[in-house]
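Colleague: when you get a sec, could you give me coordinates for this:
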Amino acid sequence: MSSPDRRTLIADTAIATVAAAGLRGLTHRAIDTAAGLPAGSTSYYFRTRTALISACYARIAELDVDDFESKRPDSREEAAASLGELLHRWLTTGRERQLARYELSLAAARTPELEPALHRAGRASRARAAAVLAALGAARAEEAAELLVSWTDGVLFDRLIGTMASTQRTPDLAELTAVARRMLDAALAG
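Modeller: Numbering: from 1, shown residues only. Presented below is the predicted three-dimensional model:
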């Protein structure tokens, strides 16, 4: 396995570990074991816990951008459908990544040296949202993107671990698309 592939494997395994066990479960040894790597592999690539957490942020951002890039909507309706599908995926098959994102975000809030990596990771999704909103005619696309990403994060949080997590276990694609449409309409109205 080449170095870039091993780094990706380690980051993906770390994300899965954080989602399942929280930050307490994130140790170099635990990642080596879960990834099926020889002891010391994770610490070879990511010397410190901070470096490992930063790798998680970067990998989550990369996966998020890949999700955003999978479709380029040409209309508001296509954008709503794409965002609804994205929300649905992140609440179902991508749930693990979102849980890890929230856990890792809390780590950055408490550990100043982690903040730059978290903020770098978050800028990529905002840039993609701004590009989509600009293409849809947003007058101030960057401001609209800030709102849209914040609203999206709020929906995800509420459905994953907030109040809606206990009352609406199975995400409904049609309902999420309707929510996405309202969020897009509001973002584009400003």
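Colleague: now do the lowest-mean-pLDDT helix or strand in the chain: which elements does it pack against?
Modeller: Lowest mean confidence among the helices and strands of the chain (mean pLDDT, DSSP states H and E): helix 163-167, at a mean of 83. The contact analysis (3 or more C-beta pairs under 8 Å, 6 or more residues apart in numbering; DSSP states H and E) places helix 163-167 against helix 141-160. Where C-beta positions appear, they are placed from N, C-alpha and C, glycine not excepted.
Colleague: what about the residue nearest to I31 when sequence neighbours are not counted, how many residues nearby?
Modeller: The spatial neighbour of I31 that comes closest, neighbours along the chain excluded (C-beta to C-beta, 6 or more residues apart in numbering), is T42 at 4.4 Å. When neighbours are defined as other C-beta atoms under 10 Å, T42 has 30 of them.
Colleague: name the SS class of T42, please.
Modeller: helix (DSSP: H, G, I helix; E, B strand; the rest coil).
Colleague: please tell me how far it sits from R89.
Modeller: 28 Å (C-beta to C-beta, to the nearest Å).
Colleague: can you check R101 too?
Modeller: 14 Å.
Colleague: who has more neighbours, those two?
Modeller: More neighbours surround R101 than the other of R101 and R89, with 27 against 18 (other C-beta under 10 Å).
Colleague: could I get the helix or strand harbouring the more buried one in PDB with only the CA atoms?
Modeller: Per DSSP states H and E, R101 falls inside helix 95-110. What follows is helix 95-110, C-alpha atoms only, in PDB (Å, rounded to 0.1, in the frame of the first residue of the first chain):
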ATOM      1  CA  ARG A  95     -24.200   9.200   9.400                       C
ATOM      2  CA  GLU A  96     -20.900   8.000  10.800                       C
ATOM      3  CA  ARG A  97     -19.000  10.900   9.200                       C
ATOM      4  CA  GLN A  98     -21.400  13.400  10.500                       C
ATOM      5  CA  LEU A  99     -21.300  12.100  14.100                       C
ATOM      6  CA  ALA A 100     -17.500  12.300  13.900                       C
ATOM      7  CA  ARG A 101     -17.700  15.800  12.500                       C
ATOM      8  CA  TYR A 102     -19.600  17.000  15.600                       C
ATOM      9  CA  GLU A 103     -17.300  15.200  18.000                       C
ATOM     10  CA  LEU A 104     -14.200  16.600  16.300                       C
ATOM     11  CA  SER A 105     -15.700  20.100  16.200                       C
ATOM     12  CA  LEU A 106     -16.100  20.100  19.900                       C
ATOM     13  CA  ALA A 107     -12.400  19.100  20.200                       C
ATOM     14  CA  ALA A 108     -11.500  22.100  18.200                       C
ATOM     15  CA  ALA A 109     -13.600  24.400  20.400                       C
ATOM     16  CA  ARG A 110     -11.600  23.200  23.400                       C
END
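Colleague: report all helices and strands that that helix contacts.
Modeller: Other helices and strands packing on helix 95-110, by 3+ C-beta pairs under 8 Å, 6+ apart, are helix 3-21, helix 49-69, helix 76-91, helix 115-135, helix 141-160.
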